[in-house]
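Chemist: just need the structure, nothing else, for what follows:
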Amino acid sequence: MVIINSKIKTPARICVFTNPIAGKRMSVPIQGKLKEICISLDIEPSFYFTEADKGVEEIVEAELNKGVEDFVVVGGDGTVNMVARHLLGNKANLGIIPVGSGNGLARHLKIPLQVSKFSDFIRSHKILKMDYGLIGDLPFFCTAGLGFDAKIALSFSEQKNRGFSNYLKVILRDFADYKSGTLKIDFHDKSISSPFFMTTFANTAQFGNNAYISPKASAHDGLLDMCLVSPFPKIKATLMGQLLMSGSIESSKHYEMIRIKEAVITRDRPDWIHIDGDPLIMPEKLVVKVIPSGLNVWASDDYIS
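Modeler: You can find the predicted model right below:
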C-alpha cells in the first residue's frame, strides 16, 4: 500500500463537482453543508454541477492550472468516474462525498456516509495511490461488467427515480427473462469459453449498497478480480442475492474468482457493458487490464489501518 502526504495545506482551494440528482437530490443541500465545513477549515471551495461529462475535462484542466490539487465529488460511482478519468496522469487527489445510489468505491475506502462525519474526514483523511482498470480504453475504478449486471445498469439508468428500492425492483423484474450469453475469455496463457450469467471485473469489493461481488478485492494490489458467475437455477435466485449481500458469494459453486493483470473478452456481437454502474455499448472484443497505483484518492484512517 502506497500512502502519500495527505495534509491539505491551508489556506487552500479545492474543486467540488456535484451531481444534482444524486442521492434522491440530496446532493445540493449536502453541498451547502460542505461549503460551511470548508470555510471552518480555511479551505475555499469552487463548486460545479456535473451534466453528462459536459465541460468536466475543461474545468479540471483550468483548476489544475490554478494550482488546485484536490478535487471532490459529491455523488456516486458514476459521477466519481466522470471526474476521476480526468485526474489520471497528474498529482491531483480525488475526494468523495458519497451520496449516490450504491457508493461502492466510497464504501470500499471506508469513507463515512454520514454528513456529520465529513468535517473529521476532510481533516484526517489519508491519500492512497489506488489501482484502476481499463476496459477498452475506458477507465473504471470500482467495477466493470458484462452480463446481468450490465442489463441492470441499463434498466436502472432508464428509471426516473433512484435509490436502492428502485434498484431492487429492476433486478426482480429483469431476472425472470434474462438469458446468459457465451463468452470466450483469454488470460495468462489460458482460455475459457462458456455461458456466464455475469462476468465482473472488480477493482474493489462491491457493486455498492454492500453487495459484495469480490469480498477480498484490494484496490492497491496491482490486480483485478475477474468474477465469473455461471448460470444457475432460478430457484436459487434468492440464495444468490443473500450471498452477495452477506459477503459470502465465494461459497457458491456457481461463482469463481480469478485475479488477473489482463484478459481479452470475445463476444458474438457488440453489446452492453457497465462501467462503474453506467451502461454503454462496446465492441464484441474487449481488452481488460489493470493500471497499478494510477489514481490518488482520499481514504479513511480505518481503511489505511
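Chemist: for this protein, which strand is longest?
Modeler: Under DSSP state E, the strand in the chain containing the largest number of residues is strand 285-299.
Chemist: any idea how many residues pack against the residue nearest to L138 when sequence neighbours are not counted?
Modeler: Closest residue to L138 apart from its sequence neighbours, by Cβ to Cβ, 6 or more residues apart in numbering: I275 at 5.8 Å. From N, CA and C alone the C-beta is placed, and that goes for glycine too. Neighbour count for I275, taken as other Cβ atoms under 10 Å: 27.
Chemist: distance check, I275 against K179.
Modeler: 23 Å (Cβ to Cβ, to the nearest Å).
Chemist: same question for G147.
Modeler: Noted for G147: a distance of 10 Å to K179, by Cβ to Cβ.
Chemist: so which of these two has more stuff around it?
Modeler: Between G147 and K179, counted using other Cβ under 10 Å, the more crowded position is G147 (24 against 8).
Chemist: wait, isn't the more buried one in contact with F197?
Modeler: Yes. Assessed by Cβ atoms under 8 Å, G147 is found in contact with F197 at 5.8 Å.
Chemist: list the buried ones in stretch 298-305?
Modeler: Residues 298-300, 303 are the ones in stretch 298-305 that count as buried (16 or more other Cβ atoms under 10 Å).
Chemist: name the nearest of these relative to L286.
Modeler: Closest approach to L286 among those (Cβ to Cβ): A299, at 29.2 Å.
Chemist: any idea what that closest one is bridged to?
Modeler: Residues in a beta bridge with A299, per DSSP bridges, are K126.
Chemist: how much space separates it from K110?
Modeler: 7 Å.
Chemist: chain neighbours aside, what residue packs nearest to L286?
Modeler: Spatial nearest neighbour of L286, excluding adjacent residues (Cβ to Cβ, 6+ apart): I265 at 4.5 Å.
Chemist: look up how far Q242 lies from the one you found.
Modeler: In terms of Cβ to Cβ, I265 sits 28 Å off from Q242.
Chemist: between those two, which one's more packed in?
Modeler: I265 (22 against 11).
Chemist: list the contacts for that one?
Modeler: 146, 183-185, 199, 285-288 (Cβ atoms under 8 Å, 6 or more residues apart in numbering).
Chemist: check which helix or strand it maps to.
Modeler: strand 262-266 (DSSP states H and E).
Chemist: please spell out which residues along that strand are buried.
Modeler: Using 16+ other Cβ under 10 Å as the test for burial, strand 262-266 gives 263, 265.
Chemist: beyond it, next helix or strand please.
Modeler: strand 271-275.
Chemist: direction included, what does that following strand pair up with?
Modeler: Sheet pairing of strand 271-275 (DSSP bridges) gives strand 143-147 (antiparallel), strand 278-282 (antiparallel).
Chemist: so what are the domain limits for this structure?
Modeler: Following automatic domain parsing, one gets these domains for the chain: 3-131+295-304, 138-290.
Chemist: got those as CSV, with mean pLDDT columns?
Modeler: Formatted as CSV, the domains of the chain follow (pLDDT from 0 to 100):
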stretch, mean pLDDT
domain 3-131+295-304, 86
domain 138-290, 93
